[in-house]
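[1] sequence-free structure coming up:
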């Protein structure tokens, strides 16, 4: 029997609510805690069964890809809905890295030939792409250099690289940013899976040594646009994770008894959970406002993305920290899932650059 769909007032359209319900049903069948922990220990570290179900039964990888390139011609708003639900379950699938970041990098190139070559397989879920971008210091500058189509250097903190079928590489060539398509099996490519604080998010380094590549046209503002897309998409995951850990905390405090009463009946704990709820809902509003501005190509999209980056990172860390405290310490033990959410929130806050770096955009928007 299909699960009831919880419509979000002012956010979900009817179609988006149906999409949310369908994703939740698949996650309920294939994405429970046992499946998550199994994927964390697998080689490679992702849930192949869950990703196949999401891509084949719902078509999540095709949502933000135009129909002429094998997609369903929806938008990043529909992908946002999916990312929020995946954040609730910490699902180790390549939605963020492949279906959103890599696909958007190729789309932003406006290179129709490259789009036709790369995107249909991504949309069908038949191919997983990994976006190679950061250097050792972060995402301000690419870690790879291009010279005559040959790539040299190392991209750090790469999502999904250990099981990718194609690498989309952001490189520096002279004073310009260039984009390249590379096979993981090409000469000079070495993919190294990295240990991470957050075991639900596999990261790798990808090294190139005069590796031949197929160059894709890249606009001058590629990095800026990618950074905006990444900030907005990540905020959806952060909101989903925060809401899940809040729900777990409410459930725990509604059953745990101390001094002859359920601890959730104590006023001090009610106030703390009310604050967690307020933080989460505020973050959700900011996240969806940023997604809406991005889809509409609103001039304020950059500032809204920066606001979502800062607030959702701070909110998720605060809510996860409170959850650990309100679980009485058991939440930080390996056997309990709350510690996985705690680690996800702190790991996510470091992806795509420090949230504090977004303060410059906010200060500029405020005229400071």
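    Sure thing, it's come through. Keep in mind that this is a model prediction, so the values were computed, not measured. Residues are numbered from 1 along each chain as shown.

[2] Which helix or strand lies directly C-terminal to the helix or strand that contains residue 172?
    Secondary structure from DSSP states H and E places residue 172 in strand 166-173. Note on strand 166-173: by DSSP H and E, the next helix or strand toward the C-terminus is strand 176-182.

[3] for that next one, packing partners?
    If contacts are counted by 3 or more CB pairs under 8 Å, 6 or more residues apart in numbering; DSSP states H and E, strand 176-182 sits against helix 103-109, helix 112-123, strand 166-173, strand 203-212, strand 214-216, helix 222-255. In this view, the C-beta of every residue, glycine as well, is placed from N, C-alpha and C.

[4] what comes into contact with the strand holding residue 172?
    With CB atoms under 8 Å, 6 or more residues apart in numbering as the test, strand 166-173 has contacts from 102, 105-106, 118, 127-133, 141-142, 144-147, 151, 153, 155, 161, 177-184, 189, 206, 208, 213, 216, 218, 222-223, 226.

[5] Turn the helices and strands packed on strand 176-182 into TSV, columns for mean pLDDT, mean neighbour count and distance to residue 270.
    Compiled in TSV, the helices and strands packed on strand 176-182 are given as follows (pLDDT from 0 to 100; neighbours: other CB atoms under 10 Å; distance: least, CB to CB, whole Å):
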stretch	mean pLDDT	mean neighbour count	distance to residue 270
helix 103-109	96	23	42
helix 112-123	97	19	46
strand 166-173	96	24	48
strand 203-212	97	20	38
strand 214-216	95	19	54
helix 222-255	93	23	9
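
[6] any chance of the ones you listed in JSON lines, plus distance to residue 290?
    Listed next are the helices and strands packed on strand 176-182 as JSON lines, based on distance: least, CB to CB, whole Å:
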{"stretch": "helix 103-109", "distance to residue 290": "15"}
{"stretch": "helix 112-123", "distance to residue 290": "24"}
{"stretch": "strand 166-173", "distance to residue 290": "22"}
{"stretch": "strand 203-212", "distance to residue 290": "24"}
{"stretch": "strand 214-216", "distance to residue 290": "27"}
{"stretch": "helix 222-255", "distance to residue 290": "5"}
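
[7] Nearest to residue 287, out of the ones you listed?
    Closest approach to residue 287 among the helices and strands packed on strand 176-182 is made by helix 222-255 (4.0 Å; CB to CB).

[8] name the helices or strands packed onto that closest one?
    By 3+ CB pairs under 8 Å, 6+ apart, helix 222-255 packs against helix 76-89, helix 103-109, strand 166-173, strand 176-182, strand 261-262, helix 267-295, helix 301-326, helix 338-348.

[9] quick one: that helix to strand 166-173, angle?
    Angle, helix 222-255 to strand 166-173, by axes from the mean of the first three to the mean of the last three CA atoms, to 10 degrees: 130 degrees.

[10] next one: the strand holding residue 172 to chain centre, how far?
    19 Å (CA atoms, centre = their mean, to the nearest Å).

[11] Strand partners (parallel or antiparallel) of that strand?
    Under the criterion DSSP bridges, strand 166-173 sits next to strand 129-132 (parallel), strand 144-147 (parallel), strand 176-182 (antiparallel) in its sheet.

[12] highest average neighbour count across the ones you listed?
    strand 129-132 (a mean of 30; mean count of other CB atoms under 10 Å).

[13] picking up where we left off before, among the strands paired with strand 166-173, single out whichever gets nearest to residue 69.
    strand 129-132 (13.1 Å).

[14] taking the mean pLDDT, what do you get for the closest one?
    The pLDDT scores in strand 129-132 average 98.
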